[in-house]
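show me the folded form of this:
(chains A and B)
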Amino acid sequence: DTAVSQTPKYLVTQMGNDKSIKCEQNLGHDTMYWYKQDSKKFLKIMFSYNNKELIINETVPNRFSPKSPDKAHLNLHINSLELGDSAVYFCASGLPPDTGELFFGEGSRLTVL
Amino acid sequence: DQQVKQNSPSLSVQEGRISILNCDYTNSMFDYFLWYKKYPAEGPTFLISISSIKDKNEDGRFTVFLNKSAKHLSLHIVPSQPGDSAVYFCAASASGTYKYIFGTGTRLKVLA
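Okay, here's the model as predicted:
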C-alpha cells in the first residue's frame, strides 16, 4: 500500500499546454510538499501546505498553482508549459516541525516538447 | 545560493570498505539534518537523521557525524554493499520551520 502516490508517473506534452500532477498520502501527515528535480539533479522545494494552508512558496512562477482540497491531497497545476519546466516533480509528506523525515512519492517526470 | 552543499558528485568504493559521504551547510539556524538515498526512477527514501544536540547517530551500518563548528556532516557506511549504490542527498532544516533544504547529491558506486 503506497504511502505517497503521484499520478501520472510520466507526462509528455507540448509547450503552451496546461497539465496537472496529483498527489495523495495515506500516512495521516499534516504537511505536504512539492519538490522539483531539474536536469542538474538539484532537489528544490517549491511549495508546502500544512492542513490545506499554503506555508511555503519558493518564488515559483505563478504559472504553477498548487491546490490542497484536503490534507491528504496536494495537486500541482501548471499553465502555459515551457521547455524549462521539464523536470521530475516529487511530492512529499511529513510531520514537521516536530518530527523529522519527509516521505517522498516516486516522482512524476514531465517532458515539455 | 546553495545553503547545503555536497562537493563530491560521485564516489566509488570497494565492497566491504567504508563509504564516507560529506555535506556542508552555511545556515547556522539549521538544527536538524537528514540523509536520503535515491535509486533511479524512485523517490528519495529516508536513511538517518541527526539533531544538532548530538554529534553522532548510528543505525546499523549507517552513522552520521555532525560537526557544528565546521558546519559539516558526514555519512559513514560500513561495510559498504553493492546494494548501497545510489545517489545520497543530505538535507537540513531549522526548528519551527517546515522547510527542508537538500544538497546536490553524491552518487555512490560500490564495486563488487
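
hey, let's count contacts and neighbours off CA atoms from now on
Will do.

in chain B, what residue spans correspond to strands?
In chain B, strands defined by DSSP state E lie at B:4-5, B:10-14, B:19-25, B:30-38, B:45-51, B:56-59, B:62-67, B:72-77, B:86-94, B:100-102, B:106-111, listed in chain order.

any residues touching the third one, and which ones?
Contacting residues not belonging to strand B:19-25 are listed as B:3-8, B:13, B:71-80, B:90, B:103, B:106 [Cα atoms under 8 Å, 6 or more residues apart in numbering or on different chains].

what does the model give A:Pro97 for pLDDT?
We note a pLDDT of 63 for A:Pro97 in this prediction.

ok, which of the contacts of strand B:19-25 also contact chain A?
Residues of those in contact with chain A (Cα under 8 Å from any Cα of the partner chain): B:Gly103.

now for the residue nearest to A:Leu83 when sequence neighbours are not counted: which residues touch it?
What sits nearest to A:Leu83 in space, not counting adjacent residues and going by Cα to Cα, 6 or more residues apart in numbering or on different chains, is A:Val112, at 5.2 Å. Residues in contact with A:Val112 (Cα under 8 Å, 6+ apart) are A:Val12, A:Thr13, A:Gln14, A:Met15, A:Leu81, A:Glu82, A:Leu83, A:Gly84, A:Asp85, A:Ser86.

where does the third one fall, phi/psi-wise?
It stands for A:Gln14. In terms of degrees, to the nearest 10, the main-chain angles of A:Gln14 are phi -90, psi 150.

for chain B, see how far away it is.
Here the criterion is Cα to the nearest Cα, to the nearest Å. By it, A:Gln14 lies 23 Å from chain B.

for A:Val88, give the beta-bridge partners.
A:Gln37, A:Arg109 (DSSP bridges).

picking up where we left off before, can I get the strands of chain B in CSV with distance to A:Val60, mean neighbour count and mean pLDDT?
Supplementary listing: the strands of chain B in CSV, determined by distance: least, Cα to Cα, whole Å; neighbours: other Cα atoms under 10 Å in any protein chain shown; pLDDT from 0 to 100:
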stretch, distance to A:Val60, mean neighbour count, mean pLDDT
strand B:4-5, 20, 22, 94
strand B:10-14, 29, 15, 97
strand B:19-25, 23, 22, 98
strand B:30-38, 23, 22, 95
strand B:45-51, 25, 20, 94
strand B:56-59, 35, 14, 97
strand B:62-67, 32, 19, 98
strand B:72-77, 29, 20, 98
strand B:86-94, 20, 24, 95
strand B:100-102, 16, 23, 93
strand B:106-111, 26, 20, 97
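
so which of the ones you listed comes closest to A:Leu76?
Proximity of these to A:Leu76 was assessed by Cα to Cα; the nearest stretch is strand B:100-102, lying at 19.0 Å.

does chain A have contacts with the closest one?
Yes. Under the criterion of Cα under 8 Å from any Cα, strand B:100-102 makes contact with chain A via B:Tyr100, B:Ile101, B:Phe102.

quick one: residues contacting the second one.
The reference is to B:Ile101. A:Lys44, A:Ile45, B:Gln3, B:Val4, B:Ala91, B:Ala92, B:Ser93.
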